[in-house]
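Trainee: just need the structure, nothing else, for what follows:
(one chain, ligands or ions: 1)
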Amino acid sequence: MNLVVAGTGYVGLVTAVCLAEKGHKVTCVDVDEKKINLMREGKSPIYEEGLEELMHKNKEKLHYTTESGKAYQNADVIFIGVGTPEKKDGSANLKYVYDVAKEIAQNIQKDTYVVIKSTVPIGTNKKIEKYINANTTNGHTVEIISNPEFLSQGTAVRDTLHAQRIVLGANTEKAIQVMKQVYDQFGIEYVITNRESAEMIKYASNDFLALKISYINEIANLCEVVGADITDVAKGMGLDSRIGNKFLNAGIGYGGSCFPKDTKALHWLGNYYDYELKTVKAAIEVNENQKIKLIKKARKYYETFEGLNVAVLGLAFKPNTDDLREAPSLDCMPILLEDGAHIKAYDPVAQANYKKIYPTEIEYCNSIEDTLKDADICFIFTEWDFVKNMDTSLFVKYMKKPIILDGRNCFAIDKMEKEKLIYESIGRKAVTNLSC
Ligand code: UGA
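Mentor: Numbers count the residues shown, from 1 in each chain. Got it, this is the predicted structure:
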């Protein structure tokens with residue numbers, strides 16, 4: 001089969017590489033020539049564990065091009081994996097999906113299957129099919145299959161090769177058979193449904209996980225005032241298999257390119273159909289507050305950050321990614337800067353991208369020690385292994401005032417109790433072994 005994947009971001013590139021790993025020849029299409037050239041050299045434009053190795057291993061089966069028209073001409077199946085970013089009103093921006101759809105309509109030379117992997121609002125698959133079939137130049141038609149993606153950044157390759165389900169939303173049995181041929185070698189259970197349900201499965205899954213996080217964060221906030229410990233509470237809840245122990249880590253809220261946008265998009269869609277999704281709305285509101293929770297906690301110690309040395313460990317929205325989209329650090333940083341803090345930050349992977357946003361306003365460090373040196377306060381925004389495994393005596397050794405505000409509960413309370421410092425985390429008791 002001649003497979004083409006449009007878009008080489010997290011979804012598109014990982015899909016293409018995993019399809020190649022399972023034996024297919026795949027052409028990757030992107031409008032960004034720089035990215036294409038990079039991939040031709042065997043380099044991945046995104047930081048994702050195992051991806052470059054698989055690109056290298058399957059280099060004979062992978063082709064990269066900006067010439068989309070040519071690629072679509074003889075494709076049997078075209079995957080659309082382009083971004084669907086958030087519009088100002090919270091709805092999903094489908095511009096890039098339509099750009100690809102237009103190109104497909106103008107170029108296909110035979111009837112073609114088009115698979116939408118991008119997260120798109122319910123009803124989009126049908127609309128795109130109608131759009132392409134109304135605009136083909138030579139009478140050929142497409143059939144659209146909804147095949148949403150459930151990979152997480154940082155574990156994208158594993159999540160794709162060993163997915164827990166492959167959701168296929170299609171109108172005809174023939175389309176399902178073609179998709180089963182594509183995924184034949186994956187050996188993963190299928191969920192076969194109509195296109196609207198497939199589209200809804202994606203949003204409902206992401207929004208449920210976002211809700212679960214906001215729920216545990218609210219419980220954590222309450223734990224702090226009633227003397228309960230969120231780690232114990234989450235453990236006690238998670239052992240109930242109806243609840244499950246995943247996504248019960250309290251912290252400074254969810255970020256990334258998916259949960260924030262997908263909660264807003266579904267809430268928007270609900271309102272469009274005159275049905276307010278109140279639970280989703282609550283998840284969004286709780287998350288907005290949670291992202292700046294550490295700043296609120298810090299005000300107890302310093303009314304203003306003016307003139308203070310502020311250390312920041314971790315910038316990415318979660319560990320093992322250089323992605324900064326909707327990272328809580330980006331909500332906190334402007335507040336600290338506006339106050340006039342002197343910020344030293346360290347994130348071995350994400351700081352290169354941070355520099356593009358704050359090239360001069362922040363001092364970037366190369367070690368924990370440098371970051372902590374003379375700091376009046378330290379914020380932890382990401383639970384990287386380098387933070388979780390660090391020697392906690394460094395806080396006392398290097399900081400002027402060892403006040404640590406941990407947004408990701410990286411350290412055990414009893415461990416921190418042994419140090420002469422102030423340590424506040426989320427949903428757990430504060431350690432105050434230092435007078436301020
Ligand atoms: C998420 C979903 O997990 C994937 O299944 C989905 O395919 C993807 O969105 C997508 O739609 O493309 P991702 O955004 O990469 O994946 O990251 P997650 O690991 O889900 O984390 C999202 C955010 O939630 C992070 O900021 C993380 O720190 C936060 N989180 C996660 C918590 O605060 N607590 C938890 O217990 C789990």
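Trainee: from now on I want contacts and neighbour counts done on CA atoms only, so please keep to that.
Mentor: Fine.
Trainee: mean confidence score for the biggest helix by length in the chain?
Mentor: For the chain, the helix that runs over the most residues, judged by DSSP state H, is helix 195-226. The average pLDDT within helix 195-226 is 98.
Trainee: which elements pack onto that helix?
Mentor: Applying 3 or more CA pairs under 8 Å, 6 or more residues apart in numbering; DSSP states H and E, one finds that helix 195-226 makes contact with helix 124-135, strand 142-146, strand 166-169, helix 230-238, helix 259-272, helix 278-291.
Trainee: ok, which stretches of the stretch 251-400 of the chain are helices?
Mentor: Applying DSSP state H, counting those that start in this stretch to the stretch 251-400 of the chain gives helices spanning 259-272, 278-291, 293-298, 328-339, 351-357, 368-372, 385-388, 393-398.
Trainee: now render those helices as a markdown table, adding mean pLDDT, mean neighbour count and distance to residue 432.
Mentor: Below are these laid out as a markdown table (pLDDT from 0 to 100; neighbours: other CA atoms under 10 Å; distance: least, CA to CA, whole Å):
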| stretch | mean pLDDT | mean neighbour count | distance to residue 432 |
| --- | --- | --- | --- |
| helix 259-272 | 96 | 21 | 34 |
| helix 278-291 | 98 | 19 | 22 |
| helix 293-298 | 97 | 18 | 13 |
| helix 328-339 | 97 | 18 | 23 |
| helix 351-357 | 96 | 15 | 31 |
| helix 368-372 | 98 | 21 | 19 |
| helix 385-388 | 98 | 14 | 20 |
| helix 393-398 | 97 | 17 | 13 |
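Trainee: nearest the geometric middle of this structure, what residue?
Mentor: residue 256 (3.7 Å; CA atoms, centre = their mean).
Trainee: residues contacting the closest residue to residue 165 other than its chain neighbours?
Mentor: Distances taken as CA to CA, 6 or more residues apart in numbering place residue 189 nearest to residue 165, at 5.2 Å, with adjacent residues excluded. The contact partners of residue 189, taken as CA atoms under 8 Å, 6 or more residues apart in numbering, are 164-166.
Trainee: could the residues you listed go into a markdown table alongside pLDDT?
Mentor: A markdown table is the format used below for the contacts of residue 189 (pLDDT from 0 to 100):
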| residue | pLDDT |
| --- | --- |
| 164 | 97 |
| 165 | 98 |
| 166 | 98 |
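Trainee: which of these ranks first by neighbour count?
Mentor: In terms of neighbours by other CA atoms under 10 Å, those top out with residue 166 at 22 neighbours.
Trainee: for stretch 162-172, give me every contacting residue.
Mentor: Stretch 162-172 is contacted by residues 144-148, 150-151, 176, 179, 186, 188-199 when judged by CA under 8 Å, 6+ apart.
Trainee: buried subset of the residues you listed as a PyMOL selection?
Mentor: Selection of buried members from those for PyMOL, criterion 16 or more other CA atoms under 10 Å:
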select buried, resi 144+145+146+147+148+150+151+176+179+186+193+194+195+196+197+198+199
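Trainee: which of the contacts of stretch 162-172 come close to the ligand?
Mentor: 150-151 (CA under 6 Å from any ligand atom).
Trainee: pull the number of nearby residues for the residue nearest to residue 250 when sequence neighbours are not counted.
Mentor: Of all residues not flanking residue 250 in the chain, residue 217 sits nearest, at 5.0 Å (CA to CA, 6+ apart). Using other CA under 10 Å, the number of residues around residue 217 comes to 25.
Trainee: the helices of the stretch 251-400 of the chain: which one's closest to the ligand?
Mentor: For the helices of the stretch 251-400 of the chain, the distance to the ligand is smallest for helix 259-272, at 5.9 Å, taking CA to the nearest ligand atom.
Trainee: also near the ligand: which of the contacts of residue 189, exactly?
Mentor: Counting by CA under 6 Å from any ligand atom, no member of the contacts of residue 189 is near the ligand.
Trainee: format those as JSON lines; extra columns: distance to residue 423.
Mentor: Formatted as JSON lines, these follow (distance: CA to CA, whole Å):
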{"residue": "164", "distance to residue 423": "38"}
{"residue": "165", "distance to residue 423": "41"}
{"residue": "166", "distance to residue 423": "44"}
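Trainee: out of the helices of the stretch 251-400 of the chain, nearest to residue 309?
Mentor: Nearest to residue 309 among those is helix 368-372 (8.9 Å), distances taken as CA to CA.
Trainee: counting by contacts, list what the closest one packs against.
Mentor: Against helix 368-372 (3+ CA pairs under 8 Å, 6+ apart) you get strand 309-313, strand 342-346, helix 393-398.
Trainee: ok, residue 29 - contacts?
Mentor: 4-8, 36, 64-68, 71.
Trainee: pretty sure the residue nearest to the centre of the chain sits against residue 327.
Mentor: Yes. If you go by CA atoms under 8 Å, residue 256 and residue 327 touch, sitting 6.2 Å apart.
Trainee: find residues that contact each of those two.
Mentor: Common neighbours of residue 256 and residue 327 (CA under 8 Å, 6+ apart) are 317-318.
Trainee: if I read this right, residue 383 contacts residue 317, doesn't it?
Mentor: No. With contact defined as CA under 8 Å, residue 383 does not reach residue 317; the gap is 9.4 Å.
Trainee: which one of the contacts of residue 189 is nearest the ligand?
Mentor: The closest of the contacts of residue 189, once distances to the ligand are taken by CA to the nearest ligand atom, is residue 164, at 10.2 Å.
Trainee: give me the element that closest one is part of.
Mentor: Per DSSP states H and E: residue 164 is located in neither a helix nor a strand.
Trainee: for it, what are phi and psi?
Mentor: phi -80, psi -20 (degrees, to the nearest 10).
Trainee: sounds good, over and out.
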